[in-house]
Every structure is written in C-alpha cells, then in structure tokens.
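# the following block contains a protein sequence and its predicted model.
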Amino acid sequence: MVMSEASGAMPVPPRPKAPPSPTWLVLPGVMFLLLVLLLPVGWLMALSLKPSMPGAFSMEGHWTFGNYLRFFAQPFYYSTLAKTLWVSGLTTAITAVIGYALALIVWTAKPAHRGWTVLIVLSPLLVSIVARTYGWMIVLGDRGIVNQILLALGVIDEPLQIMYTSGAVVVGLVHVFVPFMALCVLTSLDKIDPNITEAAMCFGASRLAVLTRILIPLTVPGIASGLTIVFSLSISSYVTPALMGGPRSGMLTTFIYQQFAVTLDWRFGAVLVTLLLALTLLVLTTVLALAARMTARWSKV
C-alpha cells in the first residue's frame, strides 16, 4: 500500500548545522599576536626607516635607509652583531651538550629517583636570574672562589680576569638555559621505548653507537626545539650580559639599551632591534629546516 502525497509524507529531519570554520577558532589567537607582538615590532621596524634624531620616537620625517647605512658603514656596529651571534651560538652549543646529558640521566633514572633528578635539573629556574647572576659574579670575581682555589694551589700568581669577559657571559647564560634544553630533549626521550636501546645492546651495539645511531636521530625534534628556545633567549638576553660582561660586554642587547635609555636615539635603536630580529629568524629557520631534513632522511632508513 503506497502512501499518497495527499495523505502526507514523512517529515524530513533537519540537516545538522555545519561546524564552525577553523578560521574562527584561531582568530582570537591571531588577534592577540597582532596586538602584543606584530604591532610593536612593526612600529619599531617602521621607525627604523626615519632619520636618526635623539629624543624623537614619532613617525615624523621622510623615509630613508640612512640608519642602516650608518650601521654597516662602521665596523664597531657589525662587529658587535657578529660577537653577539658568536656568544649566543657558543652558549647554545654548550647548553645542547650539557642539556642532553642531563636529559639522559633523568631518562635512565629509577622511577623512585626521577622526581629528585628533575628537581635538580630545574633548580636554576627556582632562583631569580639576578640572584643567579650575582652568585656567579661572587664565584668568578677577582677575589672569588675560583681565583682563591687557584691561588691556594699555586696554579696562578695573581687573580685571573674572568669577570667582565665573554667567557663569563657564556657561563652565566649556560647556567640559566640548561633546564630548557634538558626538558625539550627529555620530552623526546620519553617517547622512545627503552626496549629499543636494550635490544640494540643485546645485538652488540656499543653505548656510543646507541647514542649516535638511535637516540640522537629519534630525539632530533626535541633537540631542534631546545636549540631554538635557547638561541632565541640567549641572543636577546640582557641581564646576564649587562652584569657579567659589564658595559663593554660587546653584546647587541646592551647596546640597544644604551640607544633607547641613554642616548635616546630610538630610531637607530629600532635599527638594531630589526637587525637582531632578522638574524634570529634566519638562524632559527635554518636550524628548523636542517632538523626537518634530518628527520625525513632518517625516517626513510
């Protein structure tokens, strides 16, 4: 028996509403980034294209590249940029080695001891960066612990000039940023099945072979994350270079502070900020590209 149209058809259920577009979900985050990051940085980049004028921080004046020509025309400026890159790169390299070793110690620790080892690794973050820096100044000073020990042992006849050098800055930065590298590597190590390393050693692989051919390739994403975090923080660090390196530390961040707070040359200071940001983005992009290439190559093996 066929139901006629006159007798009425079965009601068609309404179609479910389409889920909201992912664009609307990310819009609040994008707006927040535009407000707190891109807007101030964009303003500084635009300000760098105005003629240098102490005390002026508005957009008055014509557009020019004179400030950039001034930077590259004097060796002092770009040598400061090169020294900043060298100190930051050296800090990142040392931090990567120490952080990876600490991550391995935490990863291989017994469950009952793992909490304590993690706490020890994170201990530098529990103290103010200013307090940590002054602690290192006491240790590395002319009358500090290091010089007193060397003098007592007869290794040196007079105190070494350790403070207010690039080496002192590297020591202070490494101590501050080691936990970040260790945590990034530890996150990648926790994703590895411990049976893999045990199986490799059962088949005759040495500890060095397990480290270089298994663990390091599998933890490249964590290493890359740690490198980007440590490098970006070290190249933009101000407190440690200012205190342990002194006013002549040669770091670009201290020079930027002088331009903004001492000479009040905001427009030339904006040039330094722009170049520092461009250099940081270039290095980080290179590191991430190399990490992605290594991961893709090892995943095919």
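Structure received. Residues are numbered from 1 along each chain as shown.
# helices of the stretch 151-300 of the chain, start to end?
Secondary structure of the stretch 151-300 of the chain by DSSP state H, counting those that start in this stretch: the helices cover 166-189, 194-202, 207-210, 216-218, 220-235, 239-244, 252-257, 266-299.
# any buried residues in the longest one, and which?
For helix 266-299, the buried set under the neighbour-count rule, 16 or more other C-beta atoms under 10 Å, comprises 266-276, 279-280, 283-284, 287, 291, 294. Heads up, the C-betas are built off the backbone N, CA and C, glycines and all.
# still on that earlier bit, for Y134, which of the helices of the stretch 151-300 of the chain is the nearest?
helix 239-244 (7.2 Å; C-beta to C-beta).
# what residues are up against the residue positioned nearest the centre of the chain?
Central residue of the chain (C-alpha atoms, centre = their mean): I229, 2.4 Å from the mean position. Going by C-beta atoms under 8 Å, 6 or more residues apart in numbering, I229 touches F177, F180, M181, C184.
# what is the nearest of the residues you listed to I105?
The shortest gap between I105 and any of those belongs to M181, at 13.2 Å (C-beta to C-beta).
# could you report the neighbour count for that closest one?
28 (other C-beta atoms under 10 Å).
# with adjacent residues omitted, what lies nearest to it?
G99 (2.8 Å; C-beta to C-beta, 6 or more residues apart in numbering).
# repeat that for T197.
Per C-beta to C-beta, 6+ apart, closest to T197 is V210, 5.2 Å.
# what pLDDT does that neighbour get?
pLDDT for V210: 89.
# run through the residues that contact it.
Per C-beta under 8 Å, 6+ apart, neighbours of V210: T197, A200, M201.
# tell me the phi and psi of D157?
phi -100, psi -20 (degrees, to the nearest 10).
# again with K110
According to degrees, to the nearest 10, K110 has phi -70, psi 150.
# could I have the buried ones of the contacts of V210 as PyMOL selection syntax?
For the buried members of the contacts of V210, the matching PyMOL selection, counting by 16+ other C-beta under 10 Å, is:
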select buried, resi 197+200
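# L126 and V283, how far apart?
Computed as C-beta to C-beta, to the nearest Å, the L126 to V283 distance reads 30 Å.
# I meant to write L37 there.
Distance of L37 to V283, given as C-beta to C-beta: 19 Å.
# what residues are up against M53?
Counted by C-beta under 8 Å, 6+ apart, M53 has contacts G61, D265, R267.
# mind running it again at 7 Å?
R267 (C-beta atoms under 7 Å, 6 or more residues apart in numbering).
# same question, T228
Neighbour list for T228: L284, V287, L288 [criterion: C-beta under 7 Å, 6+ apart].
# what is the neighbour count of F177?
So F177, with other C-beta under 10 Å, has 26 neighbours.
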